[in-house]
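> 3D, please:
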Amino acid sequence: MVEELAIQQTLNRYSEGCGRADWEQVMATFLPDGIWEIPALDARYQGHAAIQAAMAAFLAQMAYFVQINSPGTIVIDGDRATARSVIRECGKYADRDVALEVLGFYHDDLVRTADGWKFAKRSFRAAGMHSFALLPAQLPG
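I've put the predicted structure just below:
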């Protein structure tokens, strides 16, 4: 169970880092030639620079964005592993009172390295996406 916990921590560091746009933390979860893809959008990015640029471009349009991951289903085979986890992403667009919610699943291939478990490939499969108007912020009182 120690290795499963270490893999879960990789999943957690990725999600927590995405919510803060901490690219150093996020990229530390990938192999240098790792892949991040969204097949439904025909989007595939390989390597830290390409992955970070794609993620940063998306988040640039958001006032805030958070990603919540569920505990993963993890299968280990030596120095390789697969994981699947449910993801909920939500945020607010920077230029308008509109929210975004994305629900989906990550399918991951991981490799054990001297620095811990890293993503060889993260593949996001959306189950649904919703945009909706937000009420203007009101202070209590």
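
> which helix runs longest in this protein?
Ordering each helix of the chain by length in residues (DSSP state H) puts helix 2-19 first.

> check which residues of that one are buried.
Buried residues in helix 2-19, defined by neighbour count with 16 or more other C-beta atoms under 10 Å: 4, 6-8, 10-11, 13-19. In this view, the C-beta of every residue, glycine as well, is placed from N, C-alpha and C.

> got TSV for those, with pLDDT too?
Formatted as TSV, these follow (pLDDT from 0 to 100):
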residue	pLDDT
E4	96
A6	97
I7	98
Q8	97
T10	98
L11	97
R13	97
Y14	97
S15	96
E16	95
G17	96
C18	94
G19	91
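
> so which of these comes closest to V102?
For the buried residues of helix 2-19, the residue nearest V102 by C-beta to C-beta is C18; the value is 11.9 Å.

> ok, now which ones touch that closest one?
For C18, the contact set (C-beta atoms under 8 Å, 6 or more residues apart in numbering) comprises 26, 55, 59, 65, 67.

> in TSV, list the residues you listed along with distance to E101 and neighbour count.
Listed next are those as TSV, based on distance: C-beta to C-beta, whole Å; neighbours: other C-beta atoms under 10 Å:
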residue	distance to E101	neighbour count
V26	21	23
M55	18	19
L59	15	17
F65	11	21
Q67	11	17
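
> next one, pLDDT for M1 please.
Looking at M1, its pLDDT reads 82.

> let's verify R96: helix, strand, or coil?
What DSSP: H, G, I helix; E, B strand; the rest coil gives for R96 is coil.

> tell me how many other residues surround it.
10 (other C-beta atoms under 10 Å).

> ramachandran angles for it?
Main-chain dihedrals, R96, degrees, to the nearest 10: phi -160, psi 160.

> over to G91?
Torsion angles, degrees, to the nearest 10, at G91: phi -170, psi -180.

> and for it, the neighbour number?
Per other C-beta under 10 Å, the neighbour tally for G91 reads 20.
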